[in-house]
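A.B. asks: got a predicted structure plus its sequence, pasted below:
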Amino acid sequence: MLRFVSDENFNNDIVRGLLRRNPRLEIVRVQDVGLRGEEDPAILEWAANEERILLTHDAATMTHFAYKRIRAGLPMPGVIEVPDDLPIGIAIEDIFLMAEFSDKSELENHIVYLPL
């Protein structure tokens with residue numbers, strides 16, 4: 001099963017919904033692992049070291065830095081970009097499907113834009 005980290009401003013209703021759907025889902029929040037207020041490159045570095053896919057609403061800067069890591073040949077386990085205006089139920093369903101049926105190698109060095 002995939003492992004996730006949610007960005008600091010990621011909708012916690014989505015995180016809670018995912019955990020209600022599957023309490024064994026491995027998801028932590030940036031603020032719970034000591035990264036509150038850290039810059040995007042530091043968060044991506046932590047995610048790479050922990051082999052966690054990043055959940056974010058930040059299509060502007062976070063994805064920019066993710067692509068920069070890919071171009072530099074640095075590890076990038078993946079980013080799932082969830083639009084702010086995507087209904088919560090759809091976000092939960094799409095992320096849940098990816099968590100259950102994707103392999104981490106399928107997301108490595110990729111940015112996935114929801115909805116699927």
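C.D. replies: Yep, it's here. Numbering: from 1, shown residues only.
A.B. asks: phi first, then psi, for the residue sitting furthest away from the middle of the chain.
C.D. replies: Largest separation from the mean C-alpha position in the chain: residue 72, at 20.0 Å (CA atoms, centre = their mean). Main-chain dihedrals, residue 72, degrees, to the nearest 10: phi -80, psi 0.
A.B. asks: which residues in the chain form helices?
C.D. replies: 12-21, 40-50, 61-71, 88-101, 104-107 (DSSP state H).
A.B. asks: how about those helices in a markdown table, adding mean pLDDT and mean neighbour count?
C.D. replies: In short, each C-beta sits where N, CA and C put it, glycine included. Shown next, in a markdown table, are the helices of the chain (pLDDT from 0 to 100; neighbours: other CB atoms under 10 Å):
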| stretch | mean pLDDT | mean neighbour count |
| --- | --- | --- |
| helix 12-21 | 97 | 15 |
| helix 40-50 | 97 | 18 |
| helix 61-71 | 96 | 16 |
| helix 88-101 | 96 | 16 |
| helix 104-107 | 94 | 14 |
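A.B. asks: so which of those helices gets nearest residue 81?
C.D. replies: Between residue 81 and the helices of the chain, the tightest spacing by CB to CB is seen for helix 61-71, at 6.0 Å.
A.B. asks: could I have the CA atoms of the closest one written out in CSV?
C.D. replies: Extracted C-alpha coordinates of helix 61-71, given in CSV (Å, rounded to 0.1, in the frame of the first residue of the first chain):
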residue,chain,number,x,y,z
THR,A,61,5.0,26.1,-6.3
MET,A,62,5.0,22.5,-5.0
THR,A,63,4.7,21.0,-8.5
HIS,A,64,7.4,23.4,-9.7
PHE,A,65,9.8,22.1,-7.1
ALA,A,66,8.8,18.5,-7.7
TYR,A,67,9.6,18.8,-11.4
LYS,A,68,12.9,20.5,-10.5
ARG,A,69,13.8,17.4,-8.4
ILE,A,70,13.0,15.1,-11.3
ARG,A,71,15.1,17.1,-13.7
